[in-house]
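**Student:** Dropping the sequence and predicted coords here.
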Amino acid sequence: MKSALVQEPDLASVVAALGGTLFGDSASRISGLAPLESASGSEISFLSHPKYQQQLLGSMAACVIVSPGMESVARQRGACIVVDDPYLYFAKLTQWWKRLLPCESGPKVHPTAVIHETAFVDPSASVGPLCVVERGASIGANTVLKSRVTVSEGCSLGQRCVVHPGVVIGADGFGFALTNGTWEKIEQLGGVRIGNDVEIGANTCIDRGALSDTVIEDGVKLDNLIQIGHNVHIGKHTAMAGCVGVAGSATIGAHCTVGGGGIVLGHLSLADHVNVSAATVVTRSIRKPGTYTGMFPIDDNSAWEKNAASLKQLHSLRDRIRVLEETLKTMENK
């Protein structure tokens, strides 16, 4: 991540801002941030796991952020900053670096944005090109709407949210009543309430509630292309990776994670601190914290077909085993 800074910071200023113990020349200037394998001699990188030690030794980076356990190895290579959690430190470094970049010029609300006269947009919020903020919607302080974001009628976002291009907040939920072979629309009369410090990835859709609101609590992070159905409630600091789907009226606790492509069926509940692996379909409520996986592992096709065929016979196999167990028990008692 390179940029045309007016003056490149030195390592001393990095440590002064973020802490850590520096080994090396504090006056060395940094031109950017980069992965270990591609960093140049003026860039800073990090090592989050010892298994990448070989990449550390071969890296050209000006400085590498490492844990105490990797200090001796890192110092053999060159300058390093030693911290307890290199990945967290790197995250804060990206934030610090972004603050050094020149601020965007121009109005807070782009001239092509459409904002209803009854909507509220905090003066410190930013509304990008072609955004639509409908009647009665509310955008909190320092929230950023990138381009082509739609915030529908009556929906609200808290403070310091970041909403990426193409996001739709508050479209109608998928509600229809079947009658005589046709579908009768159920009007979606609720809204969407989003807390503070929420980040929503590109082209994600969060549907409005049917009667009560769809709720996204503080600190939730949603990746790109996620579908959140009507009346879903997502607890604080839960994170979901790309292409997750959450069906209507599901309740997901705080500090949960859902891996990419995961599905949560409707009207289910997940307790706090539940981690769902990628591509897993959650078909029942989960009441206890933990990691849950429901994905059928990939294999070469012939082996997969045999395993799938065996699975279909599990029920009959279980019955046969029971019969055998009863037979053995009878023979033992004779």
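**Tutor:** Received it, and whenever you're ready, just let me know what you need.

**Student:** Which secondary structure state does the nearest residue to residue 35 once chain neighbours are set aside sit in?
**Tutor:** In space, and not counting its chain neighbours, residue 35 is closest to residue 45: 6.2 Å by CB to CB, 6 or more residues apart in numbering. (Each C-beta comes from the backbone N, C-alpha and C, glycine too.) Following DSSP: H, G, I helix; E, B strand; the rest coil, we place residue 45 in the strand state.

**Student:** now swap in the one 10 residues further on and tell me
**Tutor:** Here residue 55 is recorded as helix under three-state DSSP.

**Student:** same deal with the one 10 residues further on?
**Tutor:** For residue 65, the secondary structure call by three-state DSSP comes out as strand.

**Student:** how close does it get to residue 242?
**Tutor:** Relative to residue 242, residue 65 is positioned 27 Å away (CB to CB, to the nearest Å).

**Student:** Kindly report the same for residue 191.
**Tutor:** Taking CB to CB, one finds residue 191 at 25 Å from residue 242.

**Student:** If you count surrounding residues, which of these two has more?
**Tutor:** More crowded of residue 191 and residue 242, by other CB atoms under 10 Å: residue 191, with 21 against 17.

**Student:** Let me see the contact set for residue 20.
**Tutor:** Residue 20 makes contact with 14, 65, 81, 82, 83, 89, according to CB atoms under 8 Å, 6 or more residues apart in numbering.

**Student:** switch to 10 Å and redo it
**Tutor:** Going by CB atoms under 10 Å, 6 or more residues apart in numbering, residue 20 touches 11, 14, 65, 66, 80, 81, 82, 83, 84, 86, 89, 93.

**Student:** Equivalent analysis for residue 64, please.
**Tutor:** Contacts of residue 64 by CB under 10 Å, 6+ apart are 24, 36, 39, 44-47, 55-56, 70, 73-75, 77-82, 86.

**Student:** which residues does it bridge with?
**Tutor:** residue 45, residue 80 (DSSP bridges).

**Student:** Residue 24 and residue 166, how far apart?
**Tutor:** Residue 24 is 43 Å from residue 166, where distance means CB to CB.

**Student:** can you check residue 124 too?
**Tutor:** The value you get for residue 124 to residue 166, if CB to CB is used, is 23 Å.

**Student:** cool, residue 21 as well?
**Tutor:** Separation of residue 21 from residue 166 (CB to CB) stands at 43 Å.

**Student:** Over to residue 99?
**Tutor:** In this view, residue 99 and residue 166 are 26 Å apart by CB to CB.

**Student:** how about the CA coordinates for stretch 112-131, as CSV?
**Tutor:** Taking C-alpha atoms only, stretch 112-131 is exported to CSV below (Å, rounded to 0.1, in the frame of the first residue of the first chain):
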residue,chain,number,x,y,z
THR,A,112,-25.5,13.4,-7.7
ALA,A,113,-26.9,12.0,-4.4
VAL,A,114,-30.6,12.2,-3.8
ILE,A,115,-31.7,12.9,-0.2
HIS,A,116,-35.3,13.3,0.8
GLU,A,117,-36.2,16.5,2.5
THR,A,118,-37.3,14.6,5.6
ALA,A,119,-34.2,12.4,5.9
PHE,A,120,-31.5,13.3,8.4
VAL,A,121,-27.9,13.3,7.4
ASP,A,122,-25.4,14.4,10.1
PRO,A,123,-23.2,17.2,8.9
SER,A,124,-20.1,15.1,9.5
ALA,A,125,-21.4,12.2,7.4
SER,A,126,-20.3,11.6,3.9
VAL,A,127,-22.7,10.6,1.1
GLY,A,128,-21.1,9.4,-2.2
PRO,A,129,-22.2,9.6,-5.8
LEU,A,130,-25.6,8.3,-6.8
CYS,A,131,-26.6,7.4,-3.3
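
**Student:** Kindly list the longest helix within the protein.
**Tutor:** Longest helix in the chain, counting residues (DSSP state H): helix 314-333.
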